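> would you be able to build a 3D model of this:
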Amino acid sequence: MTEEKKSKIQSLQKAIKAMTPAQLQTLADKFGIVTIDGHSLSLHNNALVILQNPKSTVVGGFKQWLKAGRAVKKGEHGSYILVPSQKDKDDSEAGIFFFTGTIFDISQTMEIETPGEAH
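Below is the predicted model:
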């Protein structure tokens, strides 16, 4: 992870930790960001996205948008979220951990035109 990315994530985490649970819930209720699959983001990830891109409505990862027939526009910067994952049961430290993922709002994408398609 680059120092710039690490610093940005730490700053965002600090801002979220300063919020009360009621403030987090208010943000989630006000903005209601959902994934391309129709799932709601967690309160924490909702706050992370709002702090980075307050106009977000429907979000997805780069590959998710491609599967949906949309491409992320050149030059767009995504929002960081925390993605849960589970370590292998063979690992001596098995359990859940989080890694940083990048998602993009639908406004940062465009429809992929197929050859021969007229617009």
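> strands of this protein, start to end?
Secondary structure of the chain by DSSP state E: the strands cover 34-35, 58-60, 70-72, 79-86, 96-105, 109-111.
> just say which of these is most tucked in.
strand 58-60 (a mean of 21; mean count of other Cβ atoms under 10 Å). C-beta coordinates here come from the backbone N, C-alpha and C atoms, glycine included.
> show me what contacts Ile36?
Val58, Val59, Gly60, Gln64, Trp65, Ala68, Ile106 (Cβ atoms under 8 Å, 6 or more residues apart in numbering).
> mind putting these into TSV with distance to Lys5 and pLDDT?
Shown next, in TSV, are those (distance: Cβ to Cβ, whole Å; pLDDT from 0 to 100):
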residue	distance to Lys5	pLDDT
Val58	24	93
Val59	18	95
Gly60	20	95
Gln64	21	94
Trp65	21	95
Ala68	26	92
Ile106	23	94
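> quick check: longest helix of the chain.
helix 3-17 (DSSP state H).
> and that helix, how far out from the chain middle?
Per Cα atoms, centre = their mean, to the nearest Å, the displacement of helix 3-17 from the mean C-alpha position of its chain is 14 Å.
> just stretch 55-64 next, same as before
The answer for stretch 55-64 is 7 Å, by Cα atoms, centre = their mean.
> contacts for that stretch, please.
With Cβ under 8 Å, 6+ apart, stretch 55-64 has contacts from 31-37, 41, 49-50, 68, 72, 78-79, 101-107.
> let's see that with 6 Å instead.
With contact meaning Cβ atoms under 6 Å, 6 or more residues apart in numbering, stretch 55-64 is reached by Ile33, Val34, Thr35, Ile36, Val49, Val72, Ile103, Asp105, Ile106.
> can you give me the pLDDT of the fourth one?
In this case it means Ile36. pLDDT for Ile36: 90.
> ok, it to Ser11 distance?
Ile36 is 27 Å from Ser11, where distance means Cβ to Cβ, to the nearest Å.
> what of the first one?
For Ile33, the distance to Ser11 under the criterion Cβ to Cβ works out to 20 Å.
> more neighbours: which of those two?
The residue with more neighbours, out of Ile33 and Ser11, is Ile33; 21 against 11, by other Cβ atoms under 10 Å.
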